[in-house]
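Visitor: model this:
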Amino acid sequence: MKITTKRIYDGPDNDGTRVLVDRLWPRGVSKEEAQLDAWIKEVSPSDELRTWYDHDPDRWTEFKERYVSELEEKDDAVEHVLDVAKDEQLTLLYAATDRERNNAVVLREYLESQVD
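Guide: Numbers count the residues shown, from 1 in each chain. All right, here's what the predicted structure looks like:
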């Protein structure tokens with residue numbers, strides 16, 4: 001399974017299965033524009049963790065550790081993400097402006113470790 005990440009604002013383009021993995025719906029994007037196959041907010045970081053991180057690059061390493069700990073407790077949600085993709089291409093969508101430090105990046109790494 002190929003797993004990629006992409007900002008939801010970039011729009012669809014040969015993405016395979018498109019899954020929004022943010023807890024909140026992204027501003028300025030309609031459901032039609034999003035062209036989602038699923039919105040699985042249960043796999044996103046908790047409100048507490050998301051608020052604490054606040055996209056502060058200095059907190060990135062600790063955010064990753066805490067988020068992975070949360071993911072380890074969310075077996076059903078993680079399985080749901082993998083089931084939706086049906087072993088094909090999966091694109092994890094997020095709204096954050098930082099393309100390298102966001103929850104979808106951590107989730108992709110976590111999912112890849114589960115599929116190997």
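Visitor: mind listing the strands for this protein?
Guide: Counting by DSSP state E, one finds strands in the chain at the ranges 3-7, 17-20, 38-39, 90-94.
Visitor: which stretches of the chain have low pLDDT?
Guide: Residues of the chain that meet the criterion pLDDT under 70 lie in 116.
Visitor: residue ranges of the helices in it, please?
Guide: Here the chain has its helices, by DSSP state H, at 31-34, 47-53, 60-71, 75-85, 103-115.
Visitor: show me what counts as buried in the last one.
Guide: Taking 16 or more other Cβ atoms under 10 Å as the basis for neighbour counts, the residues of helix 103-115 that come out buried are N103, A104, V105, V106, L107, R108, Y110, L111. (Each C-beta comes from the backbone N, C-alpha and C, glycine too.)
Visitor: the fourth one against K64, yeah?
Guide: Yes - with contacts counted by Cβ atoms under 8 Å, V106 reaches K64, the gap being 5.2 Å.
Visitor: deepest-packed of the strands of the chain, please.
Guide: Highest mean neighbour count of these: strand 90-94, a mean of 25 (counted as mean count of other Cβ atoms under 10 Å).
Visitor: kindly reformat the strands of the chain as a markdown table containing distance to W60.
Guide: Output for these, formatted as a markdown table (distance: least, Cβ to Cβ, whole Å):
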| stretch | distance to W60 |
| --- | --- |
| strand 3-7 | 15 |
| strand 17-20 | 22 |
| strand 38-39 | 25 |
| strand 90-94 | 15 |
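Visitor: closest to V81 out of those strands?
Guide: Counting by Cβ to Cβ, V81 lies closest to strand 17-20 out of those; the figure is 6.0 Å.
Visitor: quick one: contacts of that closest one?
Guide: Strand 17-20 is touched from outside by 8, 12, 26, 34-41, 81, 84-86, 88-94, with contacts defined as Cβ atoms under 8 Å, 6 or more residues apart in numbering.
Visitor: go again using 10 Å as the cut-off
Guide: Strand 17-20 is contacted from outside by 1, 3, 6, 8, 12, 26, 29, 34-41, 43-44, 80-81, 84-95, 104, 107, using Cβ atoms under 10 Å, 6 or more residues apart in numbering.
Visitor: appreciated, that's everything.
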